[in-house]
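**Student:** output the structure for:
(chains A and B)
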Amino acid sequence: VQIVVLVKYVPEPLGTPTLGDDYLLVREGVEGALDPGDEYAVEAALRIAEAHGGEVTLVSMGPEVAASAIRKGLSMGAHAGVLVTDDALRGSDVLATARVLAAAVKRTPFDLVLAGVESTDGSTGTLPMAVAELLDVASATFARAVTLSDGVLRVERQTEEGYDVVACPLPALVTVTGSAAEPRYPTLKGIMSAKTKPLDQLSLADLGLSADDVAPTQRVTAATRAPEKGPGEVLQADDDAVRRLVDLLAEAKVI
Amino acid sequence: MVAIWVFAEFTSEGPRATTLELLTKARDLGDAAAVALGPGATDAAAALGEHGASTVYASDDEAYANGLGRPQVHALETLVREHGPEAILFSTSYDARDVAGRLQARLGCTLLGNATDVAGPGSAQTQIFGGSRIVDVELEGPAPRLVLVRPKSFPAEPSGGTATVVPVSVEIPDALRSVTRVEHHEEAAAGPKLEDAKVVIAGGRGLQDAANFRLLEDLGAAIGGAAVGASRAVVDAGWVPYSYQIGQTGKTVRPEIYLAFGISGATQHVVGMKGSKRIVAVNKDPDAPIFRMADLGIVGDALAFVPKLVEAIRSRTG
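**Tutor:** Just a heads-up that it's a prediction; the model follows:
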């Protein structure tokens, strides 16, 4: 099984994000890492490859520093990485990103594409499906479990009410939630071997795409501070706090 | 008038509330139409009309119930090419997100996610950084502009209208039917639905163990008619089913009172509950972000606090 995992280098999730004058997220000089959500997709890919044979390739788009996110996945056990990096891609929207990633995935034969459900920084959650459409493959999102037998994936897909079991033949794209298998920690051997694994760096031109293909279709015209509630009442968790909360529930007429 | 479409979601009981919210907004922006695909679509048309759809493009074809987005995208593309709407609004649900995500690539149209308001066919608002910044976005490129809107961004109000039902008869190729739902499981908790409850009680990591979620059920029973939810961290950890999840991925709630126990207030969670009328948070960490939005913050161990609260409510209500 040839598996591709779409991964993203994101700013450290616990940091404080800021907007630049161009309304783009300031990424320069900000600590970053492999998106924690993507680690679940890498883990799912490794498990399928271990069970059925085959290789796992990580594909990413981002600045050169994003190579560190790919190295993290390689140290977990993935076999190769591809990073698309190009000045024309700064501030790309979802559609442009999908075009780039789909073009990068298509360079070599694949059976399965895995991704996280949504990125930790952008959180739109629509990129993987756009890639699936451009690759013209079936898909299942929100997988909390993925297994493969006889060329058909069995996916437990989370829903509003619970979950569905979905049968999805290969080739396919699947997005994996944080309920899927816990990502492994890289071993020392894994970290060492990751340094010598192939990591291709490509430009837009290498993918046969032009700046027009990735021109932004959205423009931020204003960013304003949302009205904030003043700081509320803060109490220590003693009997007074219990009384105060019961009073509040009574005032709101819910008890 | 500009044509604004709503991608309708419905069950055998009729349209989902989020669909009616979008129609209420769409009819203010232009001529609203709904696209309803799947078994029950024709039956849902009356309620869609009552909320502002002048036209409902409907098909009861089973293919739409199974295909996880591909059949819907195929039909939407055909309808868009025929009728040329200026914008299509989707609610941020699991199924609609899949359809919108694919449709942007199929049509080469722009898609804005997580919108909290729509000003017109080419402009919308979203919130970033956990709702602390409101961002105005102009949508450019070819029509239709696609917008995924957060649930409960608008009220759902009937307009008293009626819709003309236009049957959709798009042939769905077999290649787009390769995915099938083979099992369906419901895991919703007893009691009121999270989205409808006046009081929502939510638990996070601070409860320390899955077994302690029972304390929140006790509290819900003491208050009466409260729904229990959870942060993503504990859903991912397998403490409670996914149907409990409140947040970016998960449910959006706006109760009269939101009680958060052992929840730190990560951005992921906050966007799903910050519209609550009154927020009460109990957390050990005085610097937890949840306290910045709490009307009443209580610093201490949530696990020890809940039983005391249950007892006090019981003695107050007799």
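**Student:** wasn't B:Met1 part of a strand?
**Tutor:** No - counting by DSSP: H, G, I helix; E, B strand; the rest coil, B:Met1 falls outside a strand, being coil.
**Student:** what is the neighbour count of the nearest residue to it once chain neighbours are set aside?
**Tutor:** For B:Met1, the nearest residue in space outside its immediate sequence neighbours is B:Asp31; the separation is 4.3 Å by C-beta to C-beta, 6 or more residues apart in numbering or on different chains. Any C-beta I mention is one placed from the backbone N, CA and C, and that applies to glycine too. Residues contacting B:Asp31 under the criterion other C-beta atoms under 10 Å in any protein chain shown number 17.
**Student:** what about the residue lying closest to A:Lys106 once chain neighbours are set aside, neighbour count?
**Tutor:** Of all residues beyond its chain neighbours, the one nearest A:Lys106 is A:Leu135 (6.7 Å), with distances taken as C-beta to C-beta, 6+ apart. Other residues near A:Leu135 come to 22 when the count uses other C-beta under 10 Å.
**Student:** same check on B:Ala189?
**Tutor:** B:Ala189 has 16 neighbouring residues, counting by other C-beta under 10 Å.
**Student:** where does it sit: helix, strand or coil?
**Tutor:** Counting by three-state DSSP, the backbone at B:Ala189 sits in coil.
**Student:** quick one: contacts for it?
**Tutor:** Listed by C-beta atoms under 8 Å, 6 or more residues apart in numbering or on different chains, the contact partners of B:Ala189 are B:227-228, B:243-244.
**Student:** circling back to that earlier point, residue contacts, the residue nearest to A:Lys106?
**Tutor:** By C-beta under 8 Å, 6+ apart, A:Leu135 lies in contact with A:102, A:105-106, A:113, A:171, A:173.
**Student:** quick check, nearest of these to chain B?
**Tutor:** Nearest to chain B among the contacts of A:Leu135, counting by C-beta to the nearest C-beta, is A:Ala102 at 8.0 Å.
**Student:** surely that closest one and A:Val131 touch.
**Tutor:** Yes - counting by C-beta atoms under 8 Å, A:Ala102 sits close enough to A:Val131 to count as a contact (5.0 Å).
**Student:** please enumerate the helices of the chain.
**Tutor:** Chain wasn't specified; assuming chain A. If DSSP state H is used as the criterion, the helices of chain A fall at A:36-52, A:67-76, A:94-106, A:127-135, A:188-194, A:239-251.
**Student:** that's the wrong chain, I meant chain B
**Tutor:** Ranges of helices in chain B, per DSSP H, are B:17-29, B:41-50, B:63-66, B:70-83, B:94-107, B:213-223, B:232-236, B:267-270, B:302-317.
**Student:** what is the neighbour count of B:Ala294?
**Tutor:** The criterion is other C-beta under 10 Å. On that basis, B:Ala294 has 24 neighbouring residues.
**Student:** which residues does the closest residue to it other than its chain neighbours contact?
**Tutor:** With C-beta to C-beta, 6+ apart as the criterion, B:Ala294 has its nearest non-adjacent residue at 4.1 Å, and that residue is B:Ala281. When contacts are counted by C-beta under 8 Å, 6+ apart, B:Ala281 touches B:259-260, B:263, B:265, B:288, B:290-291, B:294, B:296-298.
**Student:** returning to what we had before: between A:Ala102 and A:Val131, who's got more neighbours?
**Tutor:** Set side by side, A:Ala102 and A:Val131 show more neighbours around A:Val131, with 30 against 22, by other C-beta under 10 Å.
**Student:** which residues of chain A score low on pLDDT?
**Tutor:** Chain A contains residues with pLDDT under 70 at A:13-14, A:230.
**Student:** which one of the residues in it is closest to chain B?
**Tutor:** With distances taken as C-beta to the nearest C-beta, chain A approaches chain B most closely at A:Ala237, which sits 2.3 Å away.
**Student:** skipping adjacent residues, who's closest to the residue of the stretch 51-200 of chain B found nearest chain A in space?
**Tutor:** Scanning the stretch 51-200 of chain B for proximity to chain A using C-beta to the nearest C-beta identifies B:Gly101 as nearest, at 3.0 Å. Excluding its sequence neighbours, the residue lying closest to B:Gly101 (C-beta to C-beta, 6+ apart) is A:Met129, at 3.0 Å.
**Student:** with A:Leu19 instead?
**Tutor:** On the basis of C-beta to C-beta, 6+ apart, the spatially nearest residue to A:Leu19 that is not a chain neighbour turns out to be A:Ala223, at 5.7 Å.
**Student:** B:Thr78 too?
**Tutor:** Going by C-beta to C-beta, 6+ apart, B:Thr78 has B:Val170 as its nearest residue, at 4.9 Å.
**Student:** residues contacting the one you found?
**Tutor:** Contact partners of B:Val170, counting by C-beta under 8 Å, 6+ apart, are B:59, B:74-75, B:78-79.
**Student:** of those, buried ones?
**Tutor:** The neighbour-count criterion (16 or more other C-beta atoms under 10 Å in any protein chain shown) marks B:59, B:74-75, B:79 among the contacts of B:Val170 as buried.
**Student:** max pairwise distance over those residues: which two?
**Tutor:** Within the buried ones among the contacts of B:Val170, two members stand farthest from each other by C-beta to C-beta: B:Ser59 and B:His74, at 11.4 Å.
**Student:** what about the residue lying closest to B:Tyr258 once chain neighbours are set aside, how many neighbours?
**Tutor:** Closest residue to B:Tyr258 apart from its sequence neighbours, by C-beta to C-beta, 6+ apart: B:Ser276 at 3.7 Å. Using other C-beta under 10 Å as the criterion, B:Ser276 is surrounded by 22 other residues.
**Student:** just the pLDDT at B:Ser276, thanks.
**Tutor:** B:Ser276 is assigned a predicted lDDT (pLDDT) of 93.
**Student:** partner residues bridging A:Val84?
**Tutor:** Following DSSP bridges, A:Val84 is listed with bridge partners A:Met61, A:Leu202.
**Student:** and it, how far is that from A:Thr57?
**Tutor:** For A:Val84, the distance to A:Thr57 equals 13 Å [C-beta to C-beta, to the nearest Å].
**Student:** perfect, that will be all.
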